[in-house]
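Trainee: Any chance you can model this:
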Amino acid sequence: MRSELINVNHSGNKSVRIKHIDNNRLISSFHFHDMCELVWIERSHGKRIVGDHIGNFEDDDLVLMGPNLPHIWQNDKSYEDISDKLVKSTVIYFSVDFFSLLTDDQSVLTLVEDLVSKASRGLAFEKDTSKKVKAILLGLENNDGFENIIAVVEIIKILARAKDFKYLSSITFKNQYDEKDSNRINKVYQFLMKNFHNDIHLNEVAELCNMTPNSFCRFFKMRSQKSLTQFINEIRVGHACKLLQSEDYSIADVCYASGFNNPTNFNKFFKAIKGMKPSEYRNRLNN
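Mentor: Residues are numbered from 1 along each chain as shown. Sure, this is the predicted structure:
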C-alpha cells in the first residue's frame, strides 16, 4: 500500500483518521492543518522540522502536533540509498473536539485540552510512553473501525497523562505561513534537507522562490523566524549530533560530512547551538 504523509483529507465529518505508511521512502511536504496529528515512525530515519524545531528522527520516534503547527519529515539520503530499507509509519489525525463528542466529563476534557495546548509546540515522547503507545499502534491494522476508535481513545489517555516528553518548537514560535507561503517554503526546505552537506549559495535558494536574494532573506526570516544561515547551520549541527553517536566517525569526519568547511567553524557553530563542543557532546553520550 502506498501512502503519503501529506495534507489531511477533510471530506466528511470524521473526527479520527488513521493512515498506515508502508513505502520505500517517506514522502512528505511542508504543511499544516486544523487537526491534531500523532506520528509514529516504526522504521525510518531522517530529518524533521516542526515549527521552528529542526532535528532528527529514527525508529520508534513518537511525536504529537497540535492544529496548524507546520511540519515536514524527510528521509536522509543514506536511508533512501539502501534498497531494502522500507519506511513503516502510522499517523493518527484527530479533531480538537473529538472528546467533547464522547463525554461531558470536565476532568477528562480539561486533561485533553491541556494535551492539545502543549502539542501546539510539538511533543516528542520518550521510551516509556512510546513503548505503551507502540503496543497499541501495532494492532491497529488488524482492528475494525469500532476497535480503532477505542484504541485512539486509549492512546490519547496515555499521552495526556505522560510526563516523559520534550517540547520541540520554541514557546515564541507563531505560524506565519499561508497556503502560498507553504508551497514556496516547501521547495526551500526540501532543497536544504537534501543539500545541507554541500556549499549552499543564497542566489540558488532565492531562485527556488523566484525572488531576489534580499527579498528572499526578508521572506524567510519573517516566516521561519530564523536567518537562512542559522537554519542551515541547525540542520548541519543536528546531523552532526547523529553522527557523533557512532565511534566510527572522527570529529573531523563528522565536521565535513555535516557540511562544514573547516573544524574551526564546526566547533564555533556547534557550541553556539548545543552549548558545548562536539567532543564534549560525544563524551556526554559515552558517559
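Trainee: contact partners of the worst-scoring helix or strand of the chain on mean pLDDT?
Mentor: Ranked by mean pLDDT, DSSP states H and E, the weakest helix or strand in the chain is helix 77-80, scoring a mean of 72. Contacts to helix 77-80, defined as Cβ atoms under 8 Å, 6 or more residues apart in numbering, come from residues 24-25, 44-46, 85, 194. Any C-beta I mention is one placed from the backbone N, CA and C, and that applies to glycine too.
Trainee: Which single one of those is nearest to Glu141?
Mentor: Ser44 (17.1 Å; Cβ to Cβ).
Trainee: Confirm that Leu38 sits in a strand.
Mentor: Yes. Counting by DSSP: H, G, I helix; E, B strand; the rest coil, Leu38 is found in a strand.
Trainee: ok, it touching Ile155?
Mentor: Yes. The criterion here is Cβ atoms under 8 Å, and Leu38 meets it with Ile155 at 7.1 Å.
Trainee: which residues do the two both contact?
Mentor: Ile92.
Trainee: can you tell me which residues contact the residue lying closest to Glu126 once chain neighbours are set aside?
Mentor: The shortest distance from Glu126 to any non-neighbouring residue, by Cβ to Cβ, 6 or more residues apart in numbering, is to Asp164 (3.9 Å). Asp164 sits next to 125-129 when contact means Cβ under 8 Å, 6+ apart.
Trainee: Weed out the non-buried ones from those residues.
Mentor: 125, 129 (16 or more other Cβ atoms under 10 Å).
Trainee: before we move on, back to that, as a whole number, average confidence for the very next helix or strand once past the least confident helix or strand of the chain?
Mentor: The helix or strand immediately downstream of helix 77-80 is strand 87-94, counting by DSSP states H and E. Averaged over strand 87-94, pLDDT sits at 93.
Trainee: Pull strand 87-94 out as PDB, backbone CA atoms only.
Mentor: The C-alpha trace of strand 87-94 is given here as PDB (Å, rounded to 0.1, in the frame of the first residue of the first chain):
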ATOM      1  CA  VAL A  87       9.600   3.000   5.600                       C
ATOM      2  CA  LYS A  88       6.900   2.000   8.100                       C
ATOM      3  CA  SER A  89       4.800   4.500   9.900                       C
ATOM      4  CA  THR A  90       1.400   5.100  11.400                       C
ATOM      5  CA  VAL A  91      -0.300   8.500  11.500                       C
ATOM      6  CA  ILE A  92      -3.400   9.400  13.500                       C
ATOM      7  CA  TYR A  93      -5.300  12.600  13.000                       C
ATOM      8  CA  PHE A  94      -8.000  13.600  15.500                       C
END
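Trainee: in the helix or strand that comes right after that strand, what counts as buried?
Mentor: On the C-terminal side of strand 87-94, the nearest following helix or strand under DSSP H and E is helix 106-119. Neighbour-count burial for helix 106-119 flags 108, 111-112, 115-116, 118-119 (criterion: 16+ other Cβ under 10 Å).
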